[in-house]
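In: With the sequence up front, the predicted model follows.
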Amino acid sequence: MKHRVFASALALSLALTLSPALAAEGDGRFPAVNSYPGYADVKESDWFYDNARLCFEIGLMQGTQNGFEPNKTLTIAELAAITARVRSAFIGVPIPDTGPAQPWYQVYFDYLSAPDDKAVSSIWGLVTQRFDTPELEATRYDMLYFLAAALDSFTEELPAINNIQNLPDVESDNLILYFYNRGILTGTDIYGTFAGDRTLMRSECAGMVSRIARSELRMPFVPADHTLFTAAGVSPDTVLFRNGLTAADYLPRVMARIQTMEQRDAALGVAFNWFHKAEDGSTYLDSVKQGALSDLGVTRADGTQAYADFDVQVFYSRYLDLSGAVDEIAPASPR
C-alpha cells in the first residue's frame, strides 16, 4: 500500500510539471558510442537481445566479467548509475569523472542529488532516500522512481501508445500506468502484473531504458482479462497444488466446467442451479470441483492452503458481478 500511495502522488506531481517537447527529440539524445561485442549469455532469440545490445551501444549499460548476466539482480548503486546516464542524455549535462577517493557509485549519487531544475520534489526525495543502501537489491518499484526522476520535465517526449486503465496489482491513477501506456513496461505476465516488490533483473532494466532511448522498441500492449483471478482473490501465479499448478492452470478449468453445466441447463430451458444433477448423478457443484481436479490430474489432498480457501460458489458469484453478466443462478437448494 505504501508504494501505491507514493506512486499516486508521483503521478500527480508529474502531471503538474510537464514541459512542452517534441516526441521525436528523445531518440536523438542517445547516439551509438560503442560497437556491440556480443555476449555469450545473450542469444538473438532472447526477448531482451535488442535491448541489451542497444544499451551497450549507447553507453547505458555494460556487461560484467561473466557476460551480460541478464538474470542478475541490480543493486541501488547500479540502478543509480544507469538512470544518471539517462538523465544526463536528457538534460545535456555530462556526469563528472569518479573521484579517486570515492566509492565508484558516489559520482552517480551526487549527480542525481545535485540541485538543478528538479521540480518534482517527491520523486527526488524518494530516490535520494535509497542512496543510504547502495548495495541493497533494487526492486521494480525502485526502477520506476529512478526513471521518473531521470525523465523529470521531459515526460511529454514519450507519447502514449497504449490505453491501460488498471492492472491486476496496480490501482488506477498511478504513476506505473504512465510507463505501461508509453510502452516502457508490459508486466511480468499476459495480464500485465507489475510485481513491484520483486527484485529487478538486468534484462528488465535494459528493456525499460532502451525503450526510453528508442521509440521503435516501445511495446504496444493490451493486458489479458484478469477477471477470473480478481473474482477468486488470487494472482495468476498463486500456487494451488503442491506439484506447482497455479491459479492460471486451475481457474480456466473451473470456468469451462461451469459453462458446460450452464449450457446443459439452457438446453433444458431451466436456470442454472448448483444442485442440479449432472449425468453421473453428482450435483453440478461436485461435478465442477471434481471435473477441474481430474482435468489437471490432481486431487483435493494435493491442494495448498490457497486451494483449501477457494470457494467455487463465491468465486462464480463475484465473477458474474465483475464481468457484468446476468446472474441467472437459481437458489442453491437441492432438487
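Out: Received it, and whenever you're ready, just let me know what you need.
In: how about whatever helix or strand Arg211 lives in: buried residues?
Out: In the assignment (DSSP states H and E), Arg211 maps to helix 202-213. For helix 202-213, a neighbour-count test (16 or more other CB atoms under 10 Å) marks 202-213 as buried. (C-beta placed from N, C-alpha, C; glycine too.)
In: do stretch 51-58 as well
Out: Here stretch 51-58 shows 51-58 as buried, counting by 16+ other CB under 10 Å.
In: any idea how far Val170 lies from Ala148?
Out: Using CB to CB, to the nearest Å, Val170 is found at 15 Å from Ala148.
In: typo on my end, Thr230
Out: 27 Å.
In: same thing with Gln62?
Out: Applying CB to CB to Gln62 and Ala148 gives a distance of 24 Å.
In: and these two? which has more neighbours close in?
Out: Ala148 (25 against 11; other CB atoms under 10 Å).
In: Need the pLDDT of that one.
Out: Ala148 is assigned 91 on the pLDDT scale.
In: Just give the number of residues close to Leu60.
Out: Leu60 sits with 22 neighbouring residues when counted by other CB under 10 Å.
In: show me what contacts it?
Out: Applying CB atoms under 8 Å, 6 or more residues apart in numbering to Leu60 gives the contacts 30, 82, 85-86, 206, 209-210, 213.
In: Would you mind giving the residues you listed as JSON lines with distance to Asp321 added?
Out: Formatted as JSON lines, these follow (distance: CB to CB, whole Å):
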{"residue": "Phe30", "distance to Asp321": "47"}
{"residue": "Ile82", "distance to Asp321": "44"}
{"residue": "Arg85", "distance to Asp321": "48"}
{"residue": "Val86", "distance to Asp321": "43"}
{"residue": "Ala206", "distance to Asp321": "41"}
{"residue": "Val209", "distance to Asp321": "41"}
{"residue": "Ser210", "distance to Asp321": "41"}
{"residue": "Ala213", "distance to Asp321": "44"}
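In: ok, the residue nearest the centre of the chain to Ala40 distance?
Out: Taking CA atoms, centre = their mean, the centroid of the chain lies closest to Phe194, which sits 2.1 Å from it. Relative to Ala40, Phe194 is positioned 31 Å away (CB to CB).
In: Please apply the same query to Thr227.
Out: Distance, Thr227 to Ala40, by CB to CB: 43 Å.
In: more crowded one of these two?
Out: Shown here are Thr227 and Ala40; by other CB under 10 Å, Thr227 has more neighbours (19 against 9).
In: For that one, which residues are in contact?
Out: When contacts are counted by CB under 8 Å, 6+ apart, Thr227 touches 319, 322-323.
In: Repeat the analysis, applying 10 Å as the threshold.
Out: For Thr227, the contacting residues are 191, 251, 255, 318-325, by CB atoms under 10 Å, 6 or more residues apart in numbering.
In: would you list the residues you listed in TSV and tack on pLDDT, neighbour count and secondary structure?
Out: What follows is the contacts of Thr227, written out as TSV (pLDDT from 0 to 100; neighbours: other CB atoms under 10 Å; DSSP: H, G, I helix; E, B strand; the rest coil):
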residue	pLDDT	neighbour count	secondary structure
Tyr191	93	21	coil
Leu251	97	23	helix
Met255	97	18	helix
Arg318	96	17	helix
Tyr319	96	20	helix
Leu320	95	16	helix
Asp321	95	12	helix
Leu322	91	13	helix
Ser323	88	12	helix
Gly324	83	7	coil
Ala325	67	11	coil
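In: can I get those residues in TSV with distance to Phe310?
Out: Converted to TSV, the contacts of Thr227 look like this (distance: CB to CB, whole Å):
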residue	distance to Phe310
Tyr191	18
Leu251	9
Met255	13
Arg318	12
Tyr319	13
Leu320	17
Asp321	17
Leu322	16
Ser323	18
Gly324	23
Ala325	20
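In: At which residues are the helices of the stretch 101-250 of the chain located?
Out: Applying DSSP state H, counting those that start in this stretch to the stretch 101-250 of the chain gives helices spanning 106-113, 121-129, 140-150, 175-181, 202-213, 227-232, 247-268.
In: Flag the shaky bits of the chain, pLDDT-wise.
Out: Under the criterion pLDDT under 70, the flagged ranges of the chain are 1-27, 99, 115-121, 172-173, 325-335.
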